[in-house]
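Chemist: structure, please.
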Amino acid sequence: MSGQATDHLADVLVVGGGPAATWAALKAAEAGASVVLADKGYCGTSGATAAGGTGVWYVPPEPAAREAAMASREGLGGYLADRRWMARVLDETYERINELAVEGRYPFPAGPDGQQLRGGLQGPEYMRRMRVRIRRAGVRVLDHSPVTELLTTADGAVAGAAGYRRQAREHYRVRAGAVVLATGGCAFLSGALGTNTNTGDGALFAAEAGAELSGMEFSNAYGIAPEGTSVTKTAFYSFATFYREDGAELEGAASQGGRSAIARELLTGARVYARLDRAAPDARAAMRRAQPNFFLTFDRLRIDPFTDRFSVTLLAEGTVRGTGGIRLTGDDCATGVPGLYAAGDAATREEICGGFTGGGSHNAAWAISSGSWAGRGAARHARSLGSGGAASRPVRGAGGAGLRPGGSAAASPGHRAAVDLVQKEVLPYDKNYLRHGDGLARSLRALDAGWAALRDSLHGEGAGLVKAREAAAMTAHARWMYAAALARRESRGMARRLDHPDQDPALHHRIVTGGLDRVWTRPAEVAA
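Modeler: Sure, this is the predicted structure:
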């Protein structure tokens, strides 16, 4: 990092600005920690949640209801989830949503009986209130301030981060007793709504500090969107009939796993159309109230999605909607690296989803719960360092690729070439969604070569440094994904292989991965 950096000091640094980040910041502050939150965008408006609405895995503490909630997706996730973590998330989410209703005064709608319906959130209003809450709790917010690397001590503990403030055009550092990575997943700049900040930065930072990842094979999530738009909210497509260009119904597209049929049709060069004609007339107004932004695109295009056919596409959402991420080693969302915690989409969701998740619901509950636990855990760790612990430790930057090239930066083709290579190997349906071992191996070889090139030469200054690090993070993310996918020689959860279409009982385990210049994988047992 060149140039003079502005220094900040805190007990806890939270990296990110979505639900997991704001809950982490709030709970760390409530635990008595001084907190800085650094967001790549403007906290409260950036990220996937702020751009839309979301359901929440909010289940009253009734044994039958909780049992049904936990059992509902175990099979879909390949039985890799952990019931103990499920129960913890259900408890924590129930408490935090109730807190949001009372202390946050979130305006949940009322049902016919007058009781609030707390199973869903409107993203813009939710995140607006969370920003207000953290500011009132004393959290210092650094907007438009992407982090570019973690800071570590001589013994490997994480002790803050460095970054670049876009609007102030200055480098900065935050010295902290603990860091929470809540940077979201990686959607590879696919254009999906609210995901331009989701380039996998946190996973790269964690790996550079020595953390591991898990579930990276569960990363081939694609969302349905009206063609030419970014809105990948898919819940209402359960009411859709899908059609070929000639008007014939596209068989299998409306079933579970129907996106495979859509992908295959799109790969022929033909268009696919949809119409929400299976929604009952009396349900349509309620659907509009529940997810108004889903219909905004149609209203602008003057399309009635209930009666008009409209063309659709699939947009990659990677680990934003997939389950893979930083591996957790404790109930407080520790990562195994002293002083480093992870939450939300940056952390693996296998604990509650196994190998499958959809949008909202479990994802929203995980962000709330893991964020709260990580914030409290980070505050405890910072407190354990004693007075002045954050400021007194010598630190160094942990960043590598895109920041400190191993060869000549003059030979760098630039970050755009690196991003183009990643997108070429990750976005196409026939490479990432309809996976085959031969194709995965070819893509991984290309990505390994791309990593070697950028590791040797990619570099940037100022805002260019941010772009270089994003390119490195996306490349690393893609390599971890495909290495894990090759190691899972079966179809389980969303990690499906055309050359291994069946589930293999011998592979009933999670797959841990890591490494930078050399990516590795190993099996890990699932908790009983």
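Chemist: mind pulling up the pLDDT for Y172?
Modeler: Predicted confidence (pLDDT) for Y172: 97.
Chemist: what's it sitting at in phi/psi?
Modeler: Dihedral pair for Y172: phi -150, psi 160, per degrees, to the nearest 10.
Chemist: OK, contacts around the residue nearest to it when sequence neighbours are not counted?
Modeler: Spatial nearest neighbour of Y172, excluding adjacent residues (CB to CB, 6 or more residues apart in numbering): T6 at 4.5 Å. C-beta here means a position set from N, CA and C on the backbone, and glycine is covered the same way. Applying CB atoms under 8 Å, 6 or more residues apart in numbering to T6 gives the contacts R165, E170, H171, Y172, R173.
Chemist: checking T6 next. Helix, strand or coil?
Modeler: Three-state assignment for T6 (DSSP: H, G, I helix; E, B strand; the rest coil): strand.
Chemist: now the protein, which segments are flagged as low pLDDT?
Modeler: Within the chain, the segments meeting pLDDT under 70 span 1-3, 388-389, 408-411, 527-528.
Chemist: for it, which residue is closest to the average position?
Modeler: Central residue of the chain (CA atoms, centre = their mean): G185, 2.6 Å from the mean position.
Chemist: surely that residue and A346 touch.
Modeler: Yes - proximity of G185 to A346 meets the contact threshold set by CB atoms under 8 Å, at 6.8 Å.
Chemist: joint contacts of those two?
Modeler: Between them, G185 and A346 share the contacting residues G325, judged by CB under 8 Å, 6+ apart.
Chemist: now do the same contact list for G375.
Modeler: V12, V14, W23, A24, A25, L26, K27, A28, A29, A31, V180, A343.
Chemist: which among these gets closest to A254?
Modeler: The closest of the contacts of G375 to A254 turns out to be A343 (CB to CB; 35.0 Å).
Chemist: how far does stretch 376-390 stretch from start to finish?
Modeler: 17 Å (CA to CA, to the nearest Å).
Chemist: mind listing what's buried in that stretch?
Modeler: R376, G377, A378, A379, R380, H381, A382, R383, L385, G389, A390 (16 or more other CB atoms under 10 Å).
Chemist: can I assume the last one sits in a strand?
Modeler: Put plainly, it is A390. No - read with three-state DSSP, A390 is helix and lies in no strand.
Chemist: so it is in contact with A382, correct?
Modeler: Yes - with contact defined as CB under 8 Å, A390 counts as touching A382 (6.6 Å).
Chemist: buried residues in whichever helix in the chain runs longest?
Modeler: Ranked by number of residues, the top helix in the chain under DSSP state H is helix 463-487. For helix 463-487, burial by neighbour count (16+ other CB under 10 Å) applies to 465-487.
Chemist: what's the neighbour count on the spatially closest residue to G515 that is not a sequence neighbour?
Modeler: The spatial neighbour of G515 that comes closest, neighbours along the chain excluded (CB to CB, 6+ apart), is A207 at 7.4 Å. Number of residues near A207 (other CB atoms under 10 Å) recorded here: 24.
Chemist: A207 is in what secondary structure piece?
Modeler: In the assignment (DSSP states H and E), A207 maps to helix 201-209.
Chemist: and the next helix or strand after that helix, how far out from the chain's middle?
Modeler: Where DSSP H and E defines the elements, the next helix or strand beyond helix 201-209 is strand 213-214. Put simply, strand 213-214 sits 13 Å off its chain's centre (CA atoms, centre = their mean, to the nearest Å).
Chemist: and the helix or strand just after strand 213-214, which strands flank it?
Modeler: Remark: after strand 213-214, the chain's next helix or strand is strand 222-226, criterion DSSP H and E. Counting by DSSP bridges, the strands paired with strand 222-226 are strand 310-316 (antiparallel).
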